[in-house]
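# Just the structure for this:
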Amino acid sequence: MLFKAGIFSGDNPSKYNSGDPIRLWVIQVIIIMGMTQILALVFGRIRQPRVIAEVIGGVILGPSIMGRIPNFTATVFPDASMPILNLTATVGLVLFLFIVGMEVDMSLVRKNVKASATISLAGLIVPLGLGAALAVPIYHTFTDGTSNFGYFVLFVAVAVGITAFPVLCRILTELKLLDTTVGVVVLSAGVGNDVVGWVLLALSVALINASSGLTALWVLLTGVGFVLFMCFPIRWGYCWLARKTGSLESGSPSAMMMSVTLLLVFVSAFFTDIIGIHAIFGGFLAGVIIPHEYGYAIALVEKLEDLVSILLLPLYFAYSGLHTNLGLLDNGITWGYVVLICVVAFFAKFLGCAIAAKLSGFNLRESGAIGTLMSCKGLVELIVLNVGLTAGILDTRTFSMFVLHAIILTFMTTPLTLLFYPAKHRSHIGAATAHPGKPSEVEAGRAFPPKGDLQDYLKSRFSVIVDRVEQLPAVLTLMQLLHAPSAAPALPTIDEKASFANSDAPPSLTGDSHTDTLSQDRRISFDALRLIELTHRTSAVLRSQEAETLVHSDSILAVLKTSGYLNGMNVSTALAVVGSDDFPTQVAQHVRDATSQMVILPWVTPVAPADEGATPAPASGDNAASSSGATPFDALFQQKRDRSAVAGQAQYIRRVFSETPADVALFWDRGLPQAFKSAAAHHLFLPFFGGPDDRLALAFVAQLCMNPGVTATVVRVRRVDDAAITPMTSIDEAKARNLLHPETIHTVTADTVYGAHNTQTRLASDTADNLAWARYTSARNSTPELGTALSRIEFAEETSAAPLHAILKLAARVPVSRGRLVIVAGRSRRMAAVSHFDELRQLCVDHNASLGSELPKTLGDVASAFVAAGSNANIAVVQAAG
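Numbers count the residues shown, from 1 in each chain. You can find the predicted model right below:
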């Protein structure tokens, strides 16, 4: 091939060159991807699946709209370039059908066999019959009679009867229905409908491509033999090789297994194509035989899905759109038939599936939602139509009519489903209480129980929330602190959710016989909830379908269970795959199911490494925030990173605080601890101002000090003479507003700020503060373990006109030798004894600390003061249930 100097020699890159086709192909890809992404952003706002944007983008680029621009099609999509575009589109389609095949989970059908089989059959028989009836007038009105009538009827029937399973999964994900009874049954019925639809399409293609009935018989027999060959010996051999290479057990295909997999996909596609069935069937069949154990299929999908869905699949829709000409729908009869096709296709599916669902025991709303979801079309129907167009069964006008009907029905699915099945009427899987018949223990987590013994303040059942691996150090640290090791620990029983629910008396985690009360009534148990974000990716949908198996193989949960086993802690696990917006709701539901008394919520943000042995900076003097980094610039950029991290998770954390029906402990891990030589690994510092959150913090500190490696300092702080705080100048006022309110995020998230005190509630709260302080400082009527724990706590009282400045100075005096410092504070967003906001503003100005508007709302003013002063200590913020 002769290479030129390119554009510098006058070469036109947009002109198709058969010797160097990549230039025009890249231009086509850029236009197609750009159009798809723009439309996906638009339609995503109204909760439409991405396939709508891809189909409409293809239609826009075709002769219907942009093709009417003079020379657009001839320049950008010339006929000579179509083979290359068709080739890449077909490769993408084969890989996409391979991914779709991996989505087919027959275990879903087995779990809901009765309802799913009834709905699936009703959703096939009725539409196929009405579709065949509809094909008769369309054939006589819009065809010239040259195409085979029987083949035409078969294609129209399949187009009307098939359900787009991949699009159905995306719609269920978008509408957050995957964990509902409707979503599970629709997925089960969709799997059966999808498999039967592909069989019918394969039959149609075989009949069309065969020159005689005998040839068609040979095609079908060969196809059946190939299916059996793939499902048994090839599947067995593939699984054996995956185990032999260690890929299956590790849950991640190696480079060799990826090579074998891709060869399997394309060889399968090649074989189905040469026997007279389309290549896409080979790709689909290869996906069906991939093993799902240990998350292997999920890892395989993750390696392919972005390339396929972002680059290759839009090319197929564009190629399809280039053959769609809505301009041919130019008369009333044509539009009347378009409406008729839409009505018949929708109501055939809707009525058949809805009636079957109602007879299976679903209510009217659920039945309507099931009928609507089963009527969605999309990609699968476009594949059917393109096969019919390529085979000459459909002409361009009838092809365009059915493409338009597929767009309309898919577009209708989301709003109609929301109309039939709004969020308030949904029934979620697993929403029932995990301990039926047992009294709720959530109320036992209150910060001030009715009994007078100090042991009544101790927590025994904790929920641990983890959504990423970086949170493990924080979670393990707090779990270790809560677990008080005994002289002779007994081996724990490490179980999963179901087995724990069936256990009436978990084994003791302590071996001391003299502490009968704590040993028998206060056994510590942790219910770990692993949250995985449900996105629109196929791998996320697979995770949702395989949540019950992932709970046994998830690496984060495995670490927690192993840590529990080694340290004699009772750890049970659960896993949920939900949208990020539903994380707080899932946490609240998990707390109700597990009857937890306190939720441990880890929070990890990147922090610049501090000097070894650093302690909280004093409230006056040099800028402590600046001293935590190597240079003032390091501290400045570190504040920016912290603030962005706070803004990213603040809404989630505040919703957990607001919605959880139990006490919540937010543990902010701000870096790995240094190596201390002291016997005490951690030292807690609690400023006690009063209110329900501070009383809970006091009880929490006492329980943590039951661990021999923990000591604490608790200071009761009283504020006097508010006027002692020097009023800020106008310059400082402007600076404070900038430091505390930059980058404000406007949301509708409910904050945990409640009404002001009245005289009665104020008096009751003050009385409760005094009683709690007296109980812990006197340590009367306590058990031996509690008495030992309280002996590790140093109690003090402080009176100051600037209490935040005072506690910063006191924390700075804690010797480094006592261990890693952990600040414990009540969030005090409800019934706080005093407001510290004005003093916090002054601290931000003094230390030039930019906290933003989210951090004080999330942590409260007291904990935020330590952040503003540049403390590198870990922070635990607690909030009492209420």
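
# so who does the residue nearest to the spatial centre of the chain touch?
Within the chain, the residue whose C-alpha comes closest to the C-alpha centroid is Glu533; the distance, by CA atoms, centre = their mean, is 1.2 Å. Taking CB atoms under 8 Å, 6 or more residues apart in numbering, we find Glu533 in contact with Asp467, Ala540, Val577, Val578, Gly579, Ser580. (Glycine included, C-beta is placed from N, CA and C.)

# now for those residues, which pair is the farthest apart?
Comparing every pair within the contacts of Glu533 by CB to CB identifies Asp467 and Ala540 as the most remote, at 13.4 Å.

# Compare these two and say which is more crowded by neighbours.
Between Asp467 and Ala540, counted using other CB atoms under 10 Å, Ala540 has the larger neighbour count: 22 against 19.

# dump the residue contacts of that one.
If a contact means CB under 8 Å, 6+ apart, then Ala540 has Thr173, Ile532, Glu533, Leu534, Val577 as its contacts.

# got the phi/psi numbers for the first one?
Main-chain dihedrals, Thr173, degrees, to the nearest 10: phi -70, psi -50.

# can you map out the helices along the stretch 751-882 of the chain?
For the stretch 751-882 of the chain, the helices defined by DSSP state H, counting those that start in this stretch cover 759-778, 784-791, 803-812, 837-847, 854-859, 861-868.

# Between these, which one is closest to Met256.
Taking the helices of the stretch 751-882 of the chain one by one with CB to CB, helix 854-859 is closest: 47.8 Å.

# Turn the contacts of Ala540 into a markdown table, columns for secondary structure and pLDDT.
A markdown table is the format used below for the contacts of Ala540 (DSSP: H, G, I helix; E, B strand; the rest coil; pLDDT from 0 to 100):
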| residue | secondary structure | pLDDT |
| --- | --- | --- |
| Thr173 | helix | 79 |
| Ile532 | strand | 91 |
| Glu533 | strand | 88 |
| Leu534 | coil | 84 |
| Val577 | strand | 88 |
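
# Enumerate every residue touching the residue lying closest to Tyr421 once chain neighbours are set aside.
The shortest distance from Tyr421 to any non-neighbouring residue, by CB to CB, 6 or more residues apart in numbering, is to Ala369 (3.6 Å). With contact set as CB under 8 Å, 6+ apart, Ala369 has these partners: Leu177, Val182, Val186, Thr417, Phe420, Tyr421.

# The same query, at a cut-off of 10 Å, please.
Under the criterion of CB atoms under 10 Å, 6 or more residues apart in numbering, the contact partners of Ala369 comprise 175, 177, 180, 182-183, 185-186, 353-354, 357, 362-363, 416-422, 425-426.

# sorry, back to before: most neighbours per residue, which of the helices of the stretch 751-882 of the chain?
Compared across the helices of the stretch 751-882 of the chain, helix 861-868 shows the largest average neighbour count, a mean of 28 (mean count of other CB atoms under 10 Å).

# What is the burial count for the closest residue to Ile119 other than its chain neighbours?
Closest residue to Ile119 in three dimensions, ignoring its sequence neighbours and counting by CB to CB, 6+ apart: Ala189, at 4.1 Å. As a burial measure, Ala189 scores 32 neighbours (other CB under 10 Å).

# what touches both of Asp467 and Ala540?
Both Asp467 and Ala540 are in contact with Ile532, Glu533, where contact means CB under 10 Å, 6+ apart.

# Now Arg530: which helix or strand?
Using DSSP states H and E, Arg530 sits in strand 525-533.

# Direction included, what does that strand pair up with?
According to DSSP bridges, strand 525-533 has the following sheet partners: strand 461-466 (parallel), strand 570-578 (parallel).
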